[in-house]
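Asks: Let me see the structure of the following:
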Amino acid sequence: MNTATMTTDTLQQALADLFAPWVQALNLKVERLDADSVTLRLPQSDQLTRVGGMLCGQAMMAAADTAMVLALIQHFGEFRPCSTVQLSSTFMKPLSGQDALVTARVLRVGKAMAFGEIDLAGANDGKSVFRASTTYALM
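Replies: Residues are numbered from 1 along each chain as shown. Sure, this is the predicted structure:
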């Protein structure tokens with residue numbers, strides 16, 4: 001796999017091939033990709049909501065981490081084993097009644113570490129509800 005052949009279908013297949021069943025149960029869909037970012041859709045689901053119908057923070061963090069791994073696959077043109085070292089998150093407001101769009105952007109990649117940022121916004125209103133910065137160890 002290389003960046004010239006990377007498509008949304010390729011990354012969607014990576015979700016099925018590389019991630020644990022509980023991550024797959026989030027039903028993430030690859031919406032778009034470009035040179036340094038990947039955007040996933042996290043569908044609204046009763047299984048992912050907490051009291052008051054709000055998307056739970058655990059689902060946001062899992063979707064963010066998953067999106068960044070896919071952004072790294074996009075960056076390298078193939079899967080490279082990596083491990084989350086740090087994920088610093090900020091929850092800015094609740095999200096309810098709509099899908100979320102999760103955009104992960106690779107900021108810098110070195111020999112042993114990669115750095116990125118993630119934004120999660122309402123799919124209908126476009127308002128950011130969650131931001132994260134991440135660091136990954138590359139193996």
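Asks: Residue 56 contacts residue 46, correct?
Replies: No: the criterion here is CB atoms under 8 Å, and residue 56 misses it with residue 46 at 11.1 Å. All C-beta atoms are positioned from the backbone trio N, CA, C, and that covers glycine.
Asks: So which of those two has more stuff around it?
Replies: Higher neighbour count among residue 56 and residue 46: residue 56, with 14 against 6, using other CB atoms under 10 Å.
Asks: how many neighbours does the nearest residue to that one once chain neighbours are set aside have?
Replies: Leaving aside its sequence neighbours, residue 56 sits nearest to residue 50 (CB to CB, 6 or more residues apart in numbering; 4.6 Å). Residue 50 has 13 neighbouring residues, counting by other CB under 10 Å.
Asks: Distance check, residue 87 against residue 47.
Replies: 22 Å (CB to CB, to the nearest Å).
Asks: more neighbours, these two?
Replies: Taking other CB under 10 Å, residue 87 and residue 47 do not tie; residue 87 has more neighbours (16 against 9).
Asks: That one is in what secondary structure piece?
Replies: According to DSSP states H and E, residue 87 maps onto strand 82-91.
Asks: who does that strand touch, helix- and strand-wise?
Replies: helix 57-76, strand 128-138 (3 or more CB pairs under 8 Å, 6 or more residues apart in numbering; DSSP states H and E).
Asks: Pipe these into a markdown table and attach mean neighbour count per row.
Replies: As requested, the helices and strands packed on strand 82-91 are exported to a markdown table (neighbours: other CB atoms under 10 Å):
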| stretch | mean neighbour count |
| --- | --- |
| helix 57-76 | 22 |
| strand 128-138 | 19 |
